[in-house]
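Asks: all I have is the shape, not the residue letters:
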């Protein structure tokens with residue numbers, strides 16, 4: 001069934017906004033697009049649609065930033081994340097995770113608020129062991145499976161180390177893409193997707209690619225300070241949404 005004009009317009013606006021923010025910051029597609037989509041569609045339709053759109057955005061980002069990708073560090077993050085996601089799925093099925101989500105939301109919101117108000121940023125330039133990078137990935141996968149925010153912990157870690165924006169995106173972007181592909185594979189394995197999801201995805205593609213392209217252009221044009229503040233504001237809003 002083809003959505004009506006109003007629904008299609010809201011779908012395109014939501015996807016464009018989410019794609020633009022994700023193209024600029026590297027994450028937060030679902031946080032932005034979901035604010036509209038979850039009011040228009042049922043969760044069983046909205047969540048798979050957001051995951052599919054987010055993968056499209058990540059693919060666009062990876063292509064646009066391919067020269068900045070740090071594959072060795074990203075692979076360590078991904079290996080850790082692939083261990084964390086199944087544990088999160090198991091917890092979702094056997095434990096009440098509302099308290100965990102709210103607790104993590106408080107931590108993220110407090111961190112972002114503090115760093116926004118902090119006058120200076122101290123760069124941690126020392127080398128980090130491979131096991132620590134994998135552990136950050138594990139935390140990202142675990143938290144991502146519980147909160148749909150796989151990039152939160154790696155992004156905070158990069159911010160704490162004072163990484164330049166290109167280095168941060170080159171490290172975290174492949175990790176987020178891999179976690180989202182893994183998550184949607186698990187979702188497809190547990191439920192059948194309705195044909196309406198594919199219709200909505202087809203309708204949203206122009207807005208998705210337009211938003212992604214403009215977001216990547218904005219990423220290249222903003223300076224390090226603006227980029228960092230944008231990321232922290234998005235982390236703050238994401239933390240509040242979990243609370």
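Replies: Perfect, I can see it now. The shown structure was predicted, so the numbers you read here are calculated from the model rather than taken from an experiment.
Asks: for the residue nearest the centre of the chain, which residues are in contact?
Replies: Centroid-nearest residue in the chain: residue 27, 3.5 Å away (criterion: CA atoms, centre = their mean). By CB atoms under 8 Å, 6 or more residues apart in numbering, residue 27 lies in contact with 149, 151-152, 155, 172, 176, 234. (Glycine included, C-beta is placed from N, CA and C.)
Asks: same question, residue 183
Replies: 51, 85, 144-145, 148, 150.
Asks: cool, and residue 74?
Replies: By CB under 8 Å, 6+ apart, the neighbours of residue 74 are 170-175.
Asks: in which helix or strand would I find the closest residue to it other than its chain neighbours?
Replies: For residue 74, ignoring the flanking residues on the chain, the nearest one in space by CB to CB, 6 or more residues apart in numbering is residue 174 at 4.0 Å. According to DSSP states H and E, residue 174 maps onto helix 165-190.
Asks: now do that helix, average pLDDT.
Replies: Helix 165-190 shows an average pLDDT of 85 in the prediction.
Asks: following the chain onward from it, which element is next?
Replies: helix 195-221.
Asks: and that following helix, what's buried?
Replies: Going by neighbour count (16 or more other CB atoms under 10 Å), the buried part of helix 195-221 is 197, 200-201, 203-204, 207-212, 215-216, 218-219.
Asks: next one: the residue nearest to residue 74 from residue 76, what distance?
Replies: 11 Å (CB to CB, to the nearest Å).
Asks: surely residue 73 is in contact with residue 174?
Replies: No. Using CB atoms under 8 Å, residue 73 is not in contact with residue 174, being 9.2 Å away.
Asks: in the helix holding residue 174, what's buried?
Replies: The neighbour-count check on helix 165-190 (16+ other CB under 10 Å) flags 165-166, 168-180, 182-184 as buried.
Asks: show me the helices in this protein, by range?
Replies: Remark: helices assigned in the chain by DSSP state H are 5-25, 29-40, 43-64, 71-94, 98-117, 130-147, 152-160, 165-190, 195-221, 224-242.
Asks: among those, show me which one is buried the most.
Replies: Per-stretch averages of neighbours, counted by mean count of other CB atoms under 10 Å, single out helix 152-160 among those, with a mean of 24.
Asks: surely residue 200 touches residue 45?
Replies: Yes. Judged on CB under 8 Å, residue 200 makes contact with residue 45 at a distance of 7.2 Å.
Asks: can you redo the contacts of residue 183 as TSV with distance to residue 13 and pLDDT?
Replies: Below are the contacts of residue 183 laid out as TSV (distance: CB to CB, whole Å; pLDDT from 0 to 100):
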residue	distance to residue 13	pLDDT
51	19	80
85	30	87
144	26	83
145	29	81
148	21	75
150	25	86
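Asks: possible to save those as a markdown table with distance to residue 31?
Replies: A markdown table is the format used below for these (distance: CB to CB, whole Å):
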| residue | distance to residue 31 |
| --- | --- |
| 51 | 13 |
| 85 | 19 |
| 144 | 13 |
| 145 | 16 |
| 148 | 8 |
| 150 | 12 |
